[in-house]
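Student: Take this sequence and fold it.
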Amino acid sequence: MANHSSAKKAIRQTITKTLINKNRSSRIKTYIKKVLHEVTHGSKETAKAALIRAQSEIMKGVTKNILKLNTASRKISNLSQKIKNMPV
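Tutor: Model prediction:
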């Protein structure tokens, strides 16, 4: 266990940041699942609207260092491709 007050504070900060990052990561995954659900069960317009919201969340994850830029770009590209290949 930490003996110095600065080390104790660092532990508290790590716990807090971990919870925040898990929440952000979970939020990104939820928005991706919403897009995939719209691709399988919804119309193209609703899927596009869901993609716009998901894209915003994914890029916010990049700015908060939850995802790397290339990973986020790949995810957005894959979702866009799925929507593009949807039947009209």
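
Student: Count the neighbours of Leu79 for me.
Tutor: 22 (other Cβ atoms under 10 Å). Bear in mind the C-beta positions are built from the backbone N, C-alpha and C, glycine included.

Student: Which helix or which strand is home to it?
Tutor: In the assignment (DSSP states H and E), Leu79 maps to helix 69-84.

Student: what's that helix in contact with?
Tutor: 32, 35-36, 39, 44, 47-48, 51, 54-55, 58-59, 61-62, 67 (Cβ atoms under 8 Å, 6 or more residues apart in numbering).

Student: Tell me which residues of that helix come out buried.
Tutor: By 16 or more other Cβ atoms under 10 Å, the buried positions in helix 69-84 come out as 72, 75-76, 79, 82-83.

Student: about what we covered before: out of the contacts of helix 69-84, which is most surrounded?
Tutor: Of those, with other Cβ under 10 Å as the count, Val35 tops at 26 neighbours.

Student: I'm done for today, thanks for sticking with me.
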